[in-house]
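J.: sharing a sequence plus its predicted fold:
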Amino acid sequence: MKSSFRWYGESDPVTLENIRQIPGMRSIVSAVYDVPPGEVWPLERLEHMAALCKENGLVFDIVESIPVTEDIKLGGKERDRHLDNYCENLRRCAKVGVKCVTYNFMPVFDWTRTQLDRPAPDGSKSLVMYWDQLRDLDPLKEDIHLPGWDSSYTQDEVRELIKAYGELGEEGLWGNIAYFLKKVIPVAEECGVIMALHPDDPPYPIFGLPRVITCEENLDRYLSIVDSSSNSLCLCTGSLGCSRGNDIPALTRKYSAMGRIGFMHLRNVKILEDGSFEECGHRSEAGSLDMNAIVRALVETGFDGWFRPDHGRDIWGEGGKPGYGLYDRALGTAYINGLIEANGGRLETI
Ligand code: DNO
């Protein structure tokens with residue numbers, strides 16, 4: 001399998017020089033972050049990214065994310081133009097050597113947390129979602145700013161979107177998913193790109209917004225809409241893992257054996273009694289997931305896609321981008337490398 005690391009480009013305090021020194025590191029996961037969703041990424045930007053990675057002994061072969069716009073998710077009037085641009089972005093990414101593209105189908109908000117710097121007893125800080133901080137919030141009645149949310153929407157726009165998704169409902173969203181997949185997957189196949197769908201994080205409805213990428217039944221439904229190895233998953237253990245009903249080692253084994261995992265986000269999460277959760281260190285004992293069973297499932301099914309250490313804690317006073325500092329993610333990689341080796345797996349080099 002291929003070890004990768006998310007990098008936010010030249011403004012990221014974590015440098016490519018740092019990343020290349022992480023044992024076994026191969027691939028850079030990145031994107032063009034400053035072009036608005038729905039528009040086309042300049043080819044020169046992608047070429048520049050690929051060249052920088054190459055200079056540092058790394059390869060830019062995986063993208064996270066090409067955003068799916070609200071118009072595509074809602075079936076709005078800009079849908080077809082955005083889909084054409086989406087396909088053009090896939091072609092451009094493929095041109096510079098990208099082989100896998102991550103995306104999600106979460107309405108309005110990507111991941112949801114109530115605090116990004118919750119101190120643990122050892123002084124490390126991490127992202128958490130506590131129901132007692134979330135339960136009484138109603139974005140239809142009041143202005144809400146949760147950490148990490150897209151601040152480009154005004155509160156009125158958020159309210160409009162929540163209403164529109166309420167009218168669309170889950171089945172409407174499934175319809176728009178099918179429309180998206182039928183248009184995008186043939187283009188991905190043509191240019192040799194695996195589309196890797198990220199699950200909803202956390203995997204249940206928030207503020208009444210329909211969220212459907214949540215469980216085995218719905219993942220099966222998603223994959224069956226277009227039966228192609230280009231229609232694959234980014235199996236994020238920490239996102240699906242916040243729901244006790246999801247057996248992550250079993251899901252990993254099943255979808256990897258089917259050849260339908262492009263990308264693994266490997267992190268642990270600790271579920272609390274009331275269903276709240278805290279992100280924690282990567283080790284199995286730190287949280288609720290059996291990380292060794294997950295990696296064993298990958299090795300035993302011959303997984304040859306990409307993995308990355310997901311969200312690290314903020315340790316040693318790094319103060320980096322929440323979840324995306326260098327130190328704890330590098331420790332995560334070292335731990336995952338150990339699990340891979342102990343299970344008889346191997347890392348692919350460039
Ligand atoms: C969070 C990430 C997600 C992910 C998107 C994929 O840290 O894993 O934001 O990149 O959901 O589109």
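T.: Alright, I've got the coordinates.

J.: right, and the helix or strand after the helix or strand harbouring residue 186?
T.: Applying DSSP states H and E as the criterion places residue 186 in helix 155-190. Going down the chain from helix 155-190, the next helix or strand is strand 194-198, by DSSP H and E.

J.: partners of that next one in the sheet?
T.: Here strand 194-198 is paired, per DSSP bridges, with strand 100-104 (parallel), strand 231-236 (parallel).

J.: could you dump those strands to a markdown table with distance to residue 48, mean pLDDT and mean neighbour count?
T.: C-beta coordinates here come from the backbone N, C-alpha and C atoms, glycine included. Below are those laid out as a markdown table (distance: least, Cβ to Cβ, whole Å; pLDDT from 0 to 100; neighbours: other Cβ atoms under 10 Å):
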| stretch | distance to residue 48 | mean pLDDT | mean neighbour count |
| --- | --- | --- | --- |
| strand 100-104 | 18 | 98 | 24 |
| strand 231-236 | 25 | 98 | 26 |
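
J.: and these as CSV, adding distance to residue 137?
T.: Compiled in CSV, these are given as follows (distance: least, Cβ to Cβ, whole Å):
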stretch, distance to residue 137
strand 100-104, 22
strand 231-236, 24
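
J.: out of these, which comes closest to the ligand?
T.: Closest to the ligand of those, according to Cβ to the nearest ligand atom: strand 100-104, at 3.7 Å.

J.: and the residue nearest to residue 163 when sequence neighbours are not counted, what is it in contact with?
T.: Once flanking residues are discounted, residue 163 sits nearest to residue 140: 7.7 Å by Cβ to Cβ, 6 or more residues apart in numbering. Listed by Cβ atoms under 8 Å, 6 or more residues apart in numbering, the contact set of residue 140 reads 159, 162-163, 207.

J.: the helix or strand of the chain with the lowest mean pLDDT: how far from the chain's middle?
T.: None of the helices or strands of the chain scores lower by mean pLDDT, DSSP states H and E than helix 131-134, at a mean of 89. From the chain centre to the centre of helix 131-134 is a distance of 23 Å (Cα atoms, centre = their mean, to the nearest Å).

J.: restricting to C-alpha, output it in CSV.
T.: Provided in CSV are the C-alpha atoms of helix 131-134 (Å, rounded to 0.1, in the frame of the first residue of the first chain):
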residue,chain,number,x,y,z
TRP,A,131,-23.7,16.4,22.4
ASP,A,132,-24.3,18.7,25.4
GLN,A,133,-22.6,21.5,23.4
LEU,A,134,-24.6,20.8,20.2
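
J.: what's the burial count for residue 208?
T.: Look at residue 208: counted by other Cβ atoms under 10 Å, it has 12 neighbours.

J.: residue contacts, it?
T.: Counted by Cβ under 8 Å, 6+ apart, residue 208 has contacts 162, 166.
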